[in-house]
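Peer 1: Please work out how this folds:
(one chain, ligands or ions: 1)
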Amino acid sequence: MLLGDLSRDDFSNALHPVFARLCKKVKELDLVALPTGQHEIEEGIKMNVMEFQTTAAETKKAEMHRKFIDIQILISGDEAINYSVTQPTLSLFEEYHNDDDYQLIPEVENKNTIILKPNMFAIFMPYEPHKPGISVNGDKMLKKVVVKVPVEML
Ligand code: CU
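Peer 2: Next up, the predicted model:
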């Protein structure tokens with residue numbers, strides 16, 4: 001898991017060049033005006049723009065991917081995300097959905113929590129479970145974008 005803030009001039013200094021390039025492209029967009037839905041940020045790389053209401057952690061499941069890295073960037077609102085970087089116990093997860101590249105678990109094992117402010121990003125590598133969209137101070141609307149990076153690009 002990597003954490004950063006697009007507002008900083010030096011945000012990309014320690015990032016892999018692929019992450020740096022994609023984050024710079026996102027930063028150049030008018031994020032507040034960006035319509036929800038799926039867009040192509042560059043050939044073969046999709047990003048999903050979402051607006052939804054945050055909820056308590058108990059009401060949702062954590063997800064994990066194998067083939068894609070998530071770059072999750074908060075546009076507006078507040079968002080807590082539970083995550084873990086320890087080795088996941090695959091037997092505790094539900095079945096893996098190969099076509100959509102995800103599998104679920106009720107809660108992240110050995111969880112940590114990050115709190116994103118607008119312009120902050122969190123990058124989740126394959127096999128790093130994460131539960132986004134958790135309320136910080138009450139259930140509120142947020143807007144975010146998730147860039148799906150094929151792991152073979154690194
Ligand atoms: Cu994800």
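
Peer 1: burial count for the closest residue to the ion within the chain?
Peer 2: The nearest approach of the chain to the ion comes at residue 70, 4.1 Å away (CB to the ion). Quick note: C-beta positions are derived from backbone N, CA and C, even for glycine. Counted with other CB atoms under 10 Å, the neighbours of residue 70 add up to 23.

Peer 1: Tell me which helix or strand it sits in.
Peer 2: strand 68-76 (DSSP states H and E).

Peer 1: name the helices or strands packed onto that strand?
Peer 2: helix 17-28, strand 120-124, strand 130-134, strand 141-150 (3 or more CB pairs under 8 Å, 6 or more residues apart in numbering; DSSP states H and E).

Peer 1: Look up which residues are beta-bridged to the most centrally placed residue in the chain.
Peer 2: Among the residues of the chain, the one closest to the centroid is residue 72, at 2.9 Å (CA atoms, centre = their mean). Beta-bridge pairing of residue 72 under DSSP bridges involves residue 122, residue 146.
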